[in-house]
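Student: Sequence and computational prediction follow.
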Amino acid sequence: MSQDSTVHHDDEGAAPLNLPNDPNRRFWIGATCAVGAAGGAALAAPFVGTFAPSEKARAAGAPVEVDLSTIPPGEIRTVEWRGKPVWILHRTPEMLAGLSKINNELADPDSDRPGFTPPYAKNEWRSREPDFWVGVAICTHLGCSPTPRLTPGPQASLPDDWEGGSLCPCHGSTFDNAGRVYKNKPAPDNLEVPPYEYISATRIRIGTDEDNKA
């Protein structure tokens, strides 16, 4: 019997019949097996994928980069970091000059209380560089989000000599343009300065610094 033939039996147990191999038949059998294997892999992929972290989960806690050149002087931008609102305030020369005028009205003007100000922000600006202040926009009283009140001067719920800052709408705590809390307010501490660092002259990364690496 040649190698190009296959032995087949009929249903009645008759003598074997020598029939030539069909190349097309072998091709379609192989193709069917390959498709079946691919289909199994396709079904397995979504199942295995359920064990991989989602994009949102990977993003949780990840550092956030901000282009400072897109924030005009006198304006504030809010970004999200670890589920918290973080303000980046581009202070004008007038805003910076106003910081030293109100030290005697603040509860912690030098940010001496621990836990809310990293060492590089323990200065008169409460920031790495004078122009930009970075702070967590969550009141240290009960966790409300303050409202920016950047315009100086008399306003509702604010003192007549207001130099600009923010007001917590929940219980009236006020903060200056460096996130420092005024005296005799419900909030016990200044707004938190998160870890951050400059990665270029006009770009910062929130979430990393000397003690916090990505």
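Tutor: Nice, thanks for sending it over.

Student: how many neighbours does R180 have?
Tutor: Around R180 there are 26 other residues, counting by other CB atoms under 10 Å. In short, each C-beta sits where N, CA and C put it, glycine included.

Student: same question, V136
Tutor: Neighbourhood size, V136 [other CB under 10 Å]: 20.

Student: Skipping adjacent residues, who's closest to it in space?
Tutor: Excluding its sequence neighbours, the residue lying closest to V136 (CB to CB, 6 or more residues apart in numbering) is E192, at 4.2 Å.

Student: Just the element for the one you found, please.
Tutor: E192 is part of no helix or strand when elements are defined by DSSP states H and E.

Student: quick one: it and R126, what's the gap?
Tutor: Per CB to CB, to the nearest Å, E192 is found 11 Å from R126.

Student: Look at those two and report which has more neighbours.
Tutor: Each of E192 and R126 has its neighbours counted (other CB under 10 Å); R126 has more, 27 against 18.

Student: Look up the pLDDT of the most centrally placed residue in the chain for me, please.
Tutor: Nearest residue to the geometric centre of the chain (CA atoms, centre = their mean): W81, 3.8 Å. On pLDDT, W81 comes in at 97.

Student: do the same with L96
Tutor: Listed pLDDT for L96 reads 97.

Student: helix, strand or coil for it?
Tutor: Following DSSP: H, G, I helix; E, B strand; the rest coil, we place L96 in the helix state.

Student: Overlap in contacts, E192 and R126.
Tutor: Counting by CB atoms under 8 Å, 6 or more residues apart in numbering, the contacts common to E192 and R126 are 117, 135, 179.

Student: how near is V134 to E124?
Tutor: The gap separating V134 from E124 is 16 Å, by CB to CB.

Student: wait, I meant V79
Tutor: V79 is 25 Å from E124, by CB to CB.

Student: residue contacts, the residue nearest to V136?
Tutor: Here E192 is in contact with 115-117, 135-136, 138, 140, 179 (CB under 8 Å, 6+ apart).

Student: got it, and K84?
Tutor: Going by CB under 8 Å, 6+ apart, K84 touches 136-138, 194.

Student: P194 is in contact with the residue nearest to the centre of the chain, correct?
Tutor: Yes. W81 lies in contact with P194 (CB atoms under 8 Å); the separation is 6.4 Å.

Student: shared neighbours, those two?
Tutor: Common neighbours of W81 and P194 (criterion: CB under 8 Å, 6+ apart): 206-207.
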